[in-house]
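Any chance you can model this:
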Amino acid sequence: MKQYKQKTRKAITKRFKVTKTGKVLRMPSGQNHHLAKQSSDKRRSSKKLVEVSAEESKKIKKLLKI
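Coordinates of the predicted model:
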């Protein structure tokens, strides 16, 4: 009988990035609209990737098949 591979969640691959050391990174929220209200410091700092918590990173790695 043929064994089938489990597919990765494509939405997860687009939203998260895994580093070589195994950290899971994501983009912070609040970057789509209402940017004129935010200060320039907040807008600039929210461009950087943020590390996901340990509990959530386990779930994400499971969905990514890592």
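
can you pull out the helices in this protein?
Assigned by DSSP state H, the chain shows helices spanning 10-15, 40-45, 54-64.

Now do the longest one: everything it contacts.
Helix 54-64 is contacted by residues 8, 9, 12, 13, 16, 18, 22, 23, 24, 52 when judged by CB atoms under 8 Å, 6 or more residues apart in numbering. For every residue, glycine as well, the C-beta is placed using N, CA and C.

ok, now with 6 Å
Counting by CB atoms under 6 Å, 6 or more residues apart in numbering, helix 54-64 makes contact with 8, 9, 12, 16, 24, all of which sit outside it.

I'd like to know how far the last one sits from residue 39.
The reference is to residue 24. 28 Å (CB to CB, to the nearest Å).

These two: which is more packed in?
Each of residue 24 and residue 39 has its neighbours counted (other CB atoms under 10 Å); residue 24 has more, 23 against 8.

Output the below-cut-off pLDDT ranges for the protein.
Of all residues in the chain, none has pLDDT under 70.

For the residue nearest the centre of it, list the residues it contacts.
Geometric centre of the chain, nearest residue: residue 16, 2.6 Å, by CA atoms, centre = their mean. Residues in contact with residue 16 (CB under 6 Å, 6+ apart) are 24, 26, 60.

Then residue 10?
Residue 10 touches nothing, counting by CB under 6 Å, 6+ apart.

Sweet, I'm off.
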